[in-house]
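Enquirer: Have a look at this fold, sequence not included:
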């Protein structure tokens, strides 16, 4: 019994606003104003308060503050694919923004199941989150409203969109990305650019095809549908489609592949055919997957702006909570080109081109 009493006696007492006020030589009301960044407090008082806060290692009572502000400074993030290859980068962008603004994020995985999403949303409502982000880690797609009515709680859609409710939706500009990749090959003097694309039930497939067509037509090159192939996103599909294209009587002089996996398969096929990359055929991929930088040769690719999209989602949900309310509708985030050796030396520069460090040239 005595050991228990000794343990209790050793527990440090919680530092209060009154302790901070006493050390700073100001009133508790002044401390509260400084902590809440209120106006009409002198710079000298602010410095004294913040110095006292640091010395005492004071941490405001989050429960009391949430009762006063009617906010919990928490956000729910529900993804349908927690282990998706794109999910982590977007979540990191969300976390970097929201944590810098004092918010914590509750992460949930619905596995694309509406019942699971509904259960997670109910749990988040019970925790009185200030906002919700719905993230698709699988593919850009149109979907309906949240599986549970959230009332006045703000919602942001990430890597997906909806027309059922009027909320901000953040997606990549796949059309513009395909234009960038195709323009890069055109800048190398190529005129018969083969397109190796994904399956047609993906919206990205259609947007990237249209971006490719736009780039070549704007360059005065006639669109030739015989140079276009479509299949699964996998490396083996890229291998087969590249071999098919190169067997033509008048084969392409460059390849734009709409995923890095397709590009890896295409390069393998070209190597088997003793076609040199980039000397004979330059190749551009899409996504900027981690392996692209270490491929042989290192792969020039159009990068999906995943981290940037996550940051935008974080900024919009915080803005929706604290104001001003963000613009609803679809927000497209530009893609950018990462230059590596699969295209050799770039002969022209674009404002949307970056090197491997992410710097614009």
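Expert: Arrived safely. Since the structure is predicted, the reported quantities are computational estimates derived from the model, not experimental observations. Numbering: from 1, shown residues only.
Enquirer: Find the nearest non-adjacent residue to residue 84, please.
Expert: Computed as CB to CB, 6 or more residues apart in numbering, the closest residue to residue 84 that is not its neighbour in sequence is residue 137, at 3.1 Å. (C-beta placed from N, C-alpha, C; glycine too.)
Enquirer: In a strand, that neighbour, correct?
Expert: No - using DSSP: H, G, I helix; E, B strand; the rest coil, the assignment for residue 137 is coil, not a strand.
Enquirer: what sits against residue 334?
Expert: 173, 176-177, 305, 352 (CB atoms under 8 Å, 6 or more residues apart in numbering).
Enquirer: circling back: so the residue nearest to residue 84 touches residue 86, yeah?
Expert: Yes - at 5.8 Å, residue 137 and residue 86 qualify as touching, with contact defined as CB atoms under 8 Å.
Enquirer: Please enumerate the shared neighbours of those two.
Expert: Shared contacts of residue 137 and residue 86 (CB under 8 Å, 6+ apart): residue 159.
Enquirer: How many residues are close by residue 274?
Expert: 7 (other CB atoms under 10 Å).
Enquirer: My error: substitute residue 14 in the last question.
Expert: Applying other CB under 10 Å, we find 9 residues neighbouring residue 14.
Enquirer: if I look at it, how far off is residue 302?
Expert: Distance, residue 14 to residue 302, using CB to CB, to the nearest Å: 53 Å.
Enquirer: tell me the average confidence for stretch 23-36?
Expert: Confidence for stretch 23-36, expressed as mean pLDDT, is 83.
Enquirer: List the contacts of it.
Expert: With contacts defined as CB under 8 Å, 6+ apart, stretch 23-36 is touched by 17-18, 20-21, 38, 40-41, 45-46, 48-53, 55-56, 60.
Enquirer: In PyMOL, how would I select the buried members of these?
Expert: Buried residues among the contacts of stretch 23-36 (16 or more other CB atoms under 10 Å), as a PyMOL selection:
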select buried, resi 17+20+21+41+45+46+48+49+50+52+53+60
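Enquirer: Got the domain ranges for the protein?
Expert: Here the domain assignment for the chain is 2-60, 72-172+306-333, 174-304+337-354, based on automatic domain parsing.
Enquirer: Comparing the ones you listed, which yields the minimum mean pLDDT?
Expert: domain 2-60 (a mean of 76).
Enquirer: That domain: how far from the chain's middle?
Expert: Centroid displacement of domain 2-60 relative to its chain, using CA atoms, centre = their mean, to the nearest Å, is 38 Å.
Enquirer: Contact partners for residue 93?
Expert: 306-314.
Enquirer: do residue 123 as well
Expert: Neighbour list for residue 123: residue 108 [criterion: CB under 8 Å, 6+ apart].
Enquirer: That one: which element?
Expert: helix 114-126 (DSSP states H and E).
Enquirer: Check which residues of that helix are buried.
Expert: Residues 116-117, 120-121, 124-125 are the ones in helix 114-126 that count as buried (16+ other CB under 10 Å).
Enquirer: Could you give the number of residues near residue 314?
Expert: 29.
Enquirer: Test my guess that it contacts residue 90.
Expert: No - contact criterion CB under 8 Å: residue 314 and residue 90 do not qualify, at 9.7 Å.
Enquirer: Between the buried residues of helix 114-126, which sits nearest residue 332?
Expert: Nearest to residue 332 among these is residue 117, at 24.8 Å by CB to CB.
Enquirer: The closest one touches residue 146, doesn't it?
Expert: Yes - using CB under 8 Å as the test, residue 117 is close enough to residue 146 to be in contact (7.2 Å).
Enquirer: Quickly list what's touching both of the two.
Expert: By CB under 8 Å, 6+ apart, the residues touching both residue 117 and residue 146 are residue 134.
Enquirer: Quick one: the strands in the chain, in order.
Expert: 74-79, 104-109, 131-135, 155-158, 168-172, 193-197, 228-230, 254-257, 283-287, 300-303, 329-333, 336-338, 353-354 (DSSP state E).
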